[in-house]
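K.L.:
show me how the following folds:
(one chain, ligands or ions: 1)
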Amino acid sequence: MKIICIGRNYLPHIQELGHKVPTEPTFFLKPESAMVIRNRPFFLPDFSQQVEYEVELIYRINKVGKYIQEKYAHTYYDAIGLGIDFTARDLQRNCIENGNPWEIAKAFDGSAVMSQFIDKEEFDDLNNLDFHLDLNGKTVQSGNSSEMIFTIDKIISYVSQFMTLKMGDVIYTGTPKGVGKVAINDRLEGWIGERKLLNFRVK
Ligand code: MG
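P.N.:
Below you'll find the model as predicted:
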């Protein structure tokens with residue numbers, strides 16, 4: 001499986017990082033080895049001084065597709081969860097400045113925290129999914145699926161022009177504003193609506 005991550009999909013987050021607003025989705029990949037599931041702890045790597053959380057809605061692909069039209073894209077995912085796109089911000093900044101790829105900043109072990117997935121039929125309105133992240137009991141990020149610049153259907157259509165989507169692939173759809181640094185012993189808890197999906201420690 002592959003993990004596809006969309007960058008720059010919420011305007012206030014783009015502004016907080018000082019990036020340009022994209023006209024097409026920007027995406028990058030994380031390998032399967034980046035996954036952390038079942039609320040296992042996240043181990044802070046020693047190669048970065050600034051590892052930041054980015055809470056994101058994540059969508060699970062349920063069939064193979066290429067050149068998927070936007071109007072059919074909703075039939076290619078069956079479940080939604082919550083993820084953290086952990087980012088070594090200091091390394092990312094260096095990569096961007098030097099025109100290098102981002103993998104050391106984005107694709108390291110543990111950088112793709114994934115909750116359990118909820119069947120999409122269980123949500124009343126997929127275009128109105130509230131989600132938020134608490135750091136040590138205080139809400140630090142909150143967003144709603146309606147605020148995405150590129151919808152999940154647009155993302156699926158766009159990405160599938162370049163790479164075949166396969167069953168079990170997961171798409172991270174970008175983070176709202178409020179990203180910040182984590183430290184050892186932090187507790188992160190995440191919700192979609194009233195459903196608590198993430199609850200893990202940083203070690
Ligand atoms: Mg992200």
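K.L.:
what about residue 39, how many residues nearby?
P.N.:
18 (other C-beta atoms under 10 Å). For glycine as for every other residue, the C-beta is placed from the backbone atoms N, C-alpha and C.
K.L.:
now the closest residue to it other than its chain neighbours: how far from residue 14?
P.N.:
Take residue 39 and drop its neighbours on the chain: the residue closest to it by C-beta to C-beta, 6 or more residues apart in numbering is residue 200, 4.4 Å away. Distance of residue 200 to residue 14, given as C-beta to C-beta, to the nearest Å: 27 Å.
K.L.:
stretch 131-151 vs the ion: in contact?
P.N.:
No: contact of stretch 131-151 with the ion is not found when judged by C-beta under 5 Å from the ion; the minimum separation is 11.1 Å.
K.L.:
average pLDDT for stretch 172-190, rounded please.
P.N.:
For stretch 172-190, mean pLDDT rounds to 97.
K.L.:
send over that stretch as CSV, restricted to the C-alpha atoms.
P.N.:
Extracted in CSV, the C-alpha atoms of stretch 172-190 (Å, rounded to 0.1, in the frame of the first residue of the first chain):
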residue,chain,number,x,y,z
TYR,A,172,-4.0,12.3,4.0
THR,A,173,-5.9,15.4,3.0
GLY,A,174,-3.9,18.2,4.6
THR,A,175,-3.9,20.0,7.9
PRO,A,176,-5.7,23.1,9.2
LYS,A,177,-3.8,25.8,11.0
GLY,A,178,-2.3,25.4,14.4
VAL,A,179,0.6,23.0,13.7
GLY,A,180,3.2,22.8,16.5
LYS,A,181,6.1,21.0,18.0
VAL,A,182,5.8,17.9,20.1
ALA,A,183,8.0,16.9,23.1
ILE,A,184,8.5,13.6,25.0
ASN,A,185,5.6,12.8,27.2
ASP,A,186,3.1,14.8,25.3
ARG,A,187,-0.4,13.2,24.8
LEU,A,188,-2.2,13.7,21.6
GLU,A,189,-6.0,13.1,21.3
GLY,A,190,-8.0,13.5,18.1
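K.L.:
how far out from the middle of the chain is that stretch?
P.N.:
Stretch 172-190 sits 11 Å away from the centroid of its parent chain (C-alpha atoms, centre = their mean, to the nearest Å).
K.L.:
before I go, just wanted to say thanks for your time.
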